[in-house]
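>>> predicted coordinates and the sequence they were generated for:
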Amino acid sequence: MNYSKPYILYPVNRVLERSIASSLGLLDEETLELATPDRSVPVADNFLFTRGNFEQHSFSALIFEPLRDALEASLTDEFRQQDPHAWADTQNRLGNILGAIGQQQHDAVIFQKAIECFTSALEEVKQEDSPLEWAATQANLATALQALGRLESDAKTLNKAVEAYTASLLVYTKKENPEEWMLIMLQLGMTFHAHGTLLKGNRIFQKAVVAFKNAIPGLDADNYPVELVVAHNNCGAVLLNLAESEENPDRFEEATRSYETSWKVCMEQQRPVHLSVLCRVNKATAQNILAELTNDAVLAEDIADEFELILECFPHALQPLCVKHCKAQLNQAKKLAGASAA
């Protein structure tokens, strides 16, 4: 079957931002000046947290390629022999920066280079000797594989991402490493969802739901507001696709509740307005599909009103394709409501 495509949100990539920050010392002063983005004129970014797992917000993208070149130049055989762990750390930093470039350019070859960096790092960092560094590298590898799998719609690559995230959980535990554990659970949920849409597998969707529900209790709104929004929104997306597969009204209601929660967290924590609008669009879309499934004209009329309100009140927060989606959903809802009235 053809699943609907709800809007997916992505969490803050702390590892990427640390990789950039810890590598700035390799740049000359002139290049370093490019690192700070120009915020003298604030511009709304309605694609924030929607681009993918290698999005970062603290530095200018102009320094990605200079950092890549500097890191690659430092990775000599002599460096590897003298300090293999520092060499592996450099490979990790390079891999994350390559991931950011690959995402920016939608380039599978660059993602492959990032994967090679993390794989090389694992040659020097062993689980038995440096378990935390090994787990972090496995998680980095998994995120790059997830990005490549999404880009190429490749189920095998996404399955490798699941395997690498699962490997990291051999070290990260809920008790000893709560932040790392819950963030891996969040990423596992996202990977299972992408994998499930390709394989059209309800069991994989159910694994995604379990992973999200494992992550949510540890994501308090004060310390992890974006991650909490991401978890509820993306769990709603999985539940929606599962509901479509099962034609199960109860699943639609569960998806709606997840979207409602993500929207409330956005509003309460004053996250960027476009995030709350996307959660709202997702919720209304799920209800629209339910109205069509159950031939519920009353619900369809309510949803038509909701899409009209979104289009009228939040044009500044809608991406162009989102406007197109909302208009299509509005027409669909009006058609069902009008057919019943006739």
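Perfect, thanks for sending it. Residues are numbered from 1 along each chain as shown.
>>> which secondary structure element contains residue 42?
In this structure, residue 42 sits in neither a helix nor a strand according to DSSP states H and E.
>>> roughly how far apart are it and residue 57?
Distance, residue 42 to residue 57, by C-beta to C-beta, to the nearest Å: 13 Å. To be clear about C-beta, it is placed using only N, CA and C from the backbone, and glycine gets the same treatment.
>>> ok, those two, which is more surrounded?
Using other C-beta atoms under 10 Å, the more surrounded residue of residue 42 and residue 57 is residue 57, with 11 against 6.
>>> in contact with the nearest residue to residue 148 once chain neighbours are set aside, which residues?
Nearest residue to residue 148 in three dimensions, chain neighbours excluded: residue 111, at 4.1 Å (C-beta to C-beta, 6 or more residues apart in numbering). Taking C-beta atoms under 8 Å, 6 or more residues apart in numbering, we find residue 111 in contact with 98, 99, 102, 103, 144, 147, 148, 151.
>>> again, only this time at 6 Å
Contact partners of residue 111, counting by C-beta atoms under 6 Å, 6 or more residues apart in numbering, are 102, 144, 147, 148.
>>> export those residues to TSV and tack on distance to residue 16?
Conversion of the contacts of residue 111 to TSV gives the following (distance: C-beta to C-beta, whole Å):
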residue	distance to residue 16
102	12
144	11
147	11
148	16
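>>> so which of these is the most crowded?
When neighbours are taken as other C-beta under 10 Å, the top entry among the contacts of residue 111 is residue 144 (31 neighbours).
>>> residue contacts, it?
99, 111, 114, 115.
>>> one more time with 7 Å
Applying C-beta atoms under 7 Å, 6 or more residues apart in numbering, we find residue 144 in contact with 95, 99, 111, 114, 115, 118.
>>> state the pair within those that is farthest apart.
Of all pairs drawn from the contacts of residue 144, the greatest distance, 11.0 Å, lies between 111 and 118 (C-beta to C-beta).
>>> tell me the pLDDT of residue 323.
On pLDDT, residue 323 comes in at 97.
>>> now the one 10 residues further on
Taken from the predicted model, the pLDDT recorded for residue 333 is 97.
>>> would you mark the buried spots in stretch 126-138?
127, 130, 133, 134, 135, 136, 137, 138 (16 or more other C-beta atoms under 10 Å).
>>> may I ask which helix or strand encompasses the last one?
Meaning residue 138. Going by DSSP H and E, residue 138 is part of helix 131-152.
>>> following that helix, which helix or strand shows up next?
helix 155-168.
>>> wait, residue 91 sits on residue 120?
Yes: if you go by C-beta atoms under 7 Å, residue 91 and residue 120 touch, sitting 5.1 Å apart.
>>> which one of those two has more residues nearby?
Neighbour tally, residue 91 and residue 120, criterion other C-beta under 10 Å: the higher count belongs to residue 91, 26 against 20.
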